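A.B. asks: quick one: sequence and predicted model below, then my questions.
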Amino acid sequence: MDEYRKGWALRYLREALDEIKIAKKDSRALSLAIDALRKAQAAVYYSLGEPSLIERIVEEAVESETQPENPVLRCLVGLEKSIKRLERMREVYGDAAVMDETDKIVSLASRIVNLLTSLED
């Protein structure tokens, strides 16, 4: 992984973690939870390769509605579907209902990014 992608991955991850902390402290800021999910997702994409390419591949896989054979792609599709589900839940049930799930997803993304960025060290 080059330093450019590593830098962006770590930046997006830091921002996601900061937004989760803010959302937990201030109920008026719970809308940051969805932003944190998208930033965590971007961090994973940057740690894997070219984010715009990965995003297109994941979108195509989601639209095809078939289970990908590749385990990495299957994980990325699951992440995208979870984020979309949480966005819908937020509209129906409110921000507080998605906070716990958001925390778990950002934590998972954090572990993925930390693993991938440490492989080169």
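C.D. replies: Perfect, I can see it now.

A.B. asks: low-confidence ranges in this structure?
C.D. replies: Across the chain, the ranges flagged by pLDDT under 70 are 90-91, 93-97, 120-121.

A.B. asks: quick one: the helices in it?
C.D. replies: Here the chain has its helices, by DSSP state H, at 3-25, 32-48, 51-64, 71-93, 95-118.

A.B. asks: which helices and strands does the shortest one pack with?
C.D. replies: With contacts defined as 3 or more C-beta pairs under 8 Å, 6 or more residues apart in numbering; DSSP states H and E, the packing partners of helix 51-64 are helix 32-48, helix 71-93. To be clear about C-beta, it is placed using only N, CA and C from the backbone, and glycine gets the same treatment.

A.B. asks: what does the longest one give?
C.D. replies: Contact analysis of helix 95-118 by 3+ C-beta pairs under 8 Å, 6+ apart lists helix 3-25, helix 32-48, helix 71-93 as its packing neighbours.
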